[in-house]
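Novice: Please find the sequence and the predicted model below.
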Amino acid sequence: MAQGENMRKFLSLICFSLAFPLALSAHGYTLTDHAKIKELSVFTIMGEMDLRTEKDYSSAVAYRTLNHEGGMRVTVLEILKTDVQDDKPGKWLYVLLTSPMWVDSGEWVEKYQKFLIFLPDDTPLFDFEE
């Protein structure tokens with residue numbers, strides 16, 4: 001009896017471990033080559049990102065994203081320039097937030113707001129759609 005129950009749990013775990021990665025990649029793919037980013041590209045960024053509400057590189061950071069499982073879903077409005085920030089090469093992007101999210105101040109940021117972000121070249125992008 002216990003052996004049958006253990007086998008069922010084991011098979012359930014195997015099914016879950018196979019299905020979970022497929023569910024994560026069902027809508028798009030993971031992009032590591034940022035040269036493929038174009039205007040109107042859509043993707044999810046995981047990790048912490050500084051969000052500026054003004055389209056000015058020297059403007060103050062208005063929000064900082066949390067590193068949570070949902071990430072930050074955006075649509076690229078403009079690719080502004082390549083640059084180096086904190087010794088990391090990357091691109092400045094003007095993006096439209098396409099899903100709401102919590103930020104580190106505890107505030108809830110509604111979707112459809114525009115932000116200037118610096119995207120380091122080594123940041124993987126999830127659910128990428130051209």
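Specialist: Received the coordinates, thanks. Numbers count the residues shown, from 1 in each chain.
Novice: what's the neighbour count on K38?
Specialist: Using other C-beta atoms under 10 Å, K38 has 9 neighbouring residues. For every residue, glycine as well, the C-beta is placed using N, CA and C.
Novice: what's the nearest residue to it if we skip its chain neighbours?
Specialist: E130 (6.4 Å; C-beta to C-beta, 6 or more residues apart in numbering).
Novice: how many other residues sit next to E69?
Specialist: Neighbours of E69 under the rule other C-beta under 10 Å: 6.
Novice: Flag every buried residue along the lengthiest strand in the chain.
Specialist: Ordering each strand of the chain by length in residues (DSSP state E) puts strand 72-85 first. Within strand 72-85, the residues scored as buried using 16 or more other C-beta atoms under 10 Å are M72, R73, V74, T75, V76, L77, I79.
Novice: Could you single out the nearest of those to Y57?
Specialist: Nearest to Y57 among the buried residues of strand 72-85, counting by C-beta to C-beta, is I79 at 13.7 Å.
Novice: what ranges do the strands span in this protein?
Specialist: 29-31, 42-45, 50-51, 63-64, 72-85, 88-97, 101-102, 108-109, 114-120, 125-129.
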